[in-house]
Every structure is written in C-alpha cells, then in structure tokens.
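# need a 3D model of the sequence below.
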Amino acid sequence: MGRLVPIVVLVLVLASVALTGTGVPLLITTDAETQAFFTPVGGGEPLEGLLPGRPGVELTSPTALPGRHGRLGDPVQRSGAPGPLTAEEPRTSTGSRTSPVRLSAGADAEPRPRVFTYTVRSGDTLWDIAQEHGITVTTIMGANPDLVPSRLQVGQEIRLLSVDGVLHTVQPGDTVSALAEKYGVEPDVIVQANALDDPEALEPGTEVIIPGATPTIVRTVIVGGRAVAIYGEYRWPVLGPVTSYYGPRWGRFHHGIDIGAPYGSYIRAARAGRVVFAGWKGGYGYTVILDHGDGVTTLYAHASRLLVRYGQWVETGQVIAKVGSTGYSTGPHLHFEVRVNGVSVNPLFILN
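Numbers count the residues shown, from 1 in each chain. A predicted model of the protein is given here:
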C-alpha cells in the first residue's frame, strides 16, 4: 500500500498537467496543510479564475502573487523552498512608501487612501486629470487651494488624492468626532482611512484624508484693492474656445470673456443662484444675470433665446439660455462676466 501512495500522487499530478496545460507550482492551502499544485499561469488571469470548483482552497496570503492588482505577473520560482506570497508595497508617484495594501480573505478590499504628487503634462486640463485618476475636479481643487485651473503649466506639480474627499489640515482642538460632524461622515471612516491609533489626539499641522467629504472651494480675488474670498465651484457655462479675454480691448475695457460656440448651443448656469435679470440689455442683447449670494453675480449675454424668468431659482449646470449673436456682436458666442460687489473680475480666475 505504501508503494501505491506516490504512484497515485504522480498520476494526479500528471492528470492535472494534462488538463490544464504546462503548469508552474502555485502555493495554496487546504485547511491547515500547505501543498504545491500545478496551475497554469495565464499571463494575467485573475487568481480566482485559476482555481475553479475547489472548495476550501484559498491563497496562503490574502494579497496577491508577485505582480500588480491581484493578477499573476512573473511565473513563480520553481527552485528553493516556497515563501509566503505578499503584495509589493505601493509607492506614491514621488517614490515615498505608503502602508501595504491589506485585503481580507475572500473579499475585495481597497488600499488605504493616500496623497501623491502629479506633474502636469502637455494638453492636460483639470477635467482630464480628474478622469484619469477617478476623482472629481472638486477634490483636486480642494487639495490645491492656490491652483488656478486656467493657468496650468507643463511641469507644474499638483497634489492628488486617491479617492474623492477632503484633505484637511488639523487645527488646534480638532478631533475625529468634530471633523466627522463637520464633513458629514462617520468617525470610523476617518480613523480607518488614516490608520489613527488615538482618534481624539490629532496633531495640529498634520493632514488627514476624509473620504466622501466635499471640500469647500475658496478663490481669492482683488476687488477695489483688497482681497475678497469667493466660495464654491463655478463651472464653464458653455464649452468652446475663449475668443476674447478679460482686460483692455479696442480702446475699452472688456469686463468678461467671450466663449465661441455654435448658434443654439445650451448656456448653463455656472453655479446655482437666483435669476435677477432676464431680458434685453442694450449692447449685451438678450441677457441673464444670476445672483449667487455673497455679493457674487454672473452675466450671460448675446443669447438667441432665454429659458428662465426673473425670480427663478436655478441649479448649477441648468440650461438658462441658448447661444446667439444679439446686441453688439460679430457672431455666435457667449459673453460671460463675474462680478463681486458690482465690480468685474477675471472669470478665468474663478471657473473650474
């Protein structure tokens, strides 16, 4: 009987190879035992797809084989005693080491949120960068308070979060419970995201990531020789090239920007607000003015058709008019202004 055991084992191994193709040893466990099976490396096959129909079988490590994102990379070494299977510790784009990714067995888990540096490339916009990294423009703006979206420069470094949320700088007296209440999240979310040992002992000046929170965007503009803070996001009212900029033009001062767009294109509210004017306004043609509070108004001129009325409340992105060429205009476009306490400011400093 003792001679039959190795023969049976050999037969089982050969059968496995015949069924699965050329194989390499993959360390797995069944209960408390550790054994080596021959399983084909599929050049990137998900681990769970390599072990179908084997109840009670799980990876020795809850992370992954050498490679990235839980997929097979280089073949497992055949020689020497097999070691534990561990995932490579992730690094930020600047090379600094972060905490290892920890996954619970039998379930997909995500790495702890992190902050990293991104270098702006030719052709980048904030929208492109946000899409590439799976976050919103709001998250990027919140993590870079001094960033002017319209003035991105190639080679410029900006800070990104790996998840949507707020990068909060701890102030004296801050506690996890207070931050959770302020940002509308559960305290455990903050504790787990930042691996805090003592949730009530935050060190002033350090930064904590608050996943799921919405940052308050603040822009500072100079009005009448003094700095004025503008809160909130302002989206582009229409998509198109800027055909004329804020500043001196043709011997006069141009108090806004002109955005080229096809006749009839939708004009959208840059931010939620109340309609305080909707009608004909001399050289501006058909015009809409929205009041956003805090002394901030936006103006949309030369429209072909108005779609809102005086006193109406509109939401961010809501269609309020259509592009036209009414008033003093040489072709279809939107003339867009931002005013703070009645004084015009450069919209490009405000728009996301």
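# what about the helices in the protein?
With DSSP state H as the criterion, the chain has helices at 4-20, 47-50, 126-133, 137-143, 176-183, 187-194.
# quick one: average confidence on the second one?
In other words, helix 47-50. Averaged over helix 47-50, pLDDT sits at 36.
# rank the helices of the chain by pLDDT, which is bottom?
Looking at the helices of the chain, the weakest mean confidence is helix 47-50, a mean of 36.
# Thr297 and Val275 touch, don't they?
No: judged on CB atoms under 8 Å, Thr297 makes no contact with Val275 at a distance of 10.7 Å. The way it works is simple: take the backbone N, C-alpha and C, and place the C-beta from them, glycine included.
# give me the common contacts of these two.
Overlap of the contact sets of Thr297 and Val275 (by CB atoms under 8 Å, 6 or more residues apart in numbering) consists of Ile289, Leu290.
# so how far is Arg305 from Gly264?
Per CB to CB, to the nearest Å, Gly264 is found 8 Å from Arg305.
# which residues touch the closest residue to Val276 other than its chain neighbours?
Nearest non-adjacent residue to Val276, counting by CB to CB, 6 or more residues apart in numbering: Asp291, 4.7 Å away. Asp291 is in contact with Gly273, Arg274, Val276, Thr297, counting by CB under 8 Å, 6+ apart.
# what's the closest of these to Pro113?
Gly273 (33.0 Å; CB to CB).
# next one: that closest one, what pLDDT does it get?
94.
# repeat that for Ile257.
So Ile257 comes in at 96 (pLDDT).
# what's the neighbour count on it?
22 (other CB atoms under 10 Å).
# from Leu179, how far out is it?
With CB to CB as the criterion, Ile257 and Leu179 are 38 Å apart.
# any weak-confidence spans in the stretch 51-200 of the chain?
For the stretch 51-200 of the chain, residues meeting the criterion pLDDT under 70 lie at 51-110, 150.
# before we move on, the earlier item: got any residues that touch both of Gly264 and Arg305?
Joint contacts of Gly264 and Arg305 (CB under 8 Å, 6+ apart) are Lys322, Gly324.
# dump the residue contacts of the closest residue to Leu160 other than its chain neighbours.
Leaving aside its sequence neighbours, Leu160 sits nearest to Tyr118 (CB to CB, 6+ apart; 5.0 Å). Contacts of Tyr118 were listed using CB under 8 Å, 6+ apart, and they are Ser93, Ile129, His133, Glu157, Ile158, Arg159, Leu160.
# beta-bridge partners for Tyr118, please?
Beta-bridge partners for Tyr118, by DSSP bridges, are Ile158.
# report the buried residues of stretch 140-160.
By neighbour count with 16 or more other CB atoms under 10 Å, stretch 140-160 contains the buried residues Ile140, Met141, Gly142, Ala143, Asn144, Leu147, Pro149, Leu152, Ile158, Leu160.
# tell me the strands beside the longest strand anywhere in the chain, with direction?
Criterion DSSP state E: the longest strand present in the chain is strand 296-306. Strand pairing for strand 296-306, using DSSP bridges, gives strand 286-291 (antiparallel), strand 319-323 (antiparallel), strand 333-340 (antiparallel).
# tabulate the ones you listed (CSV), appending distance to Trp313 and mean pLDDT.
Converted to CSV, these look like this (distance: least, CB to CB, whole Å; pLDDT from 0 to 100):
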stretch, distance to Trp313, mean pLDDT
strand 286-291, 10, 98
strand 319-323, 11, 98
strand 333-340, 19, 96
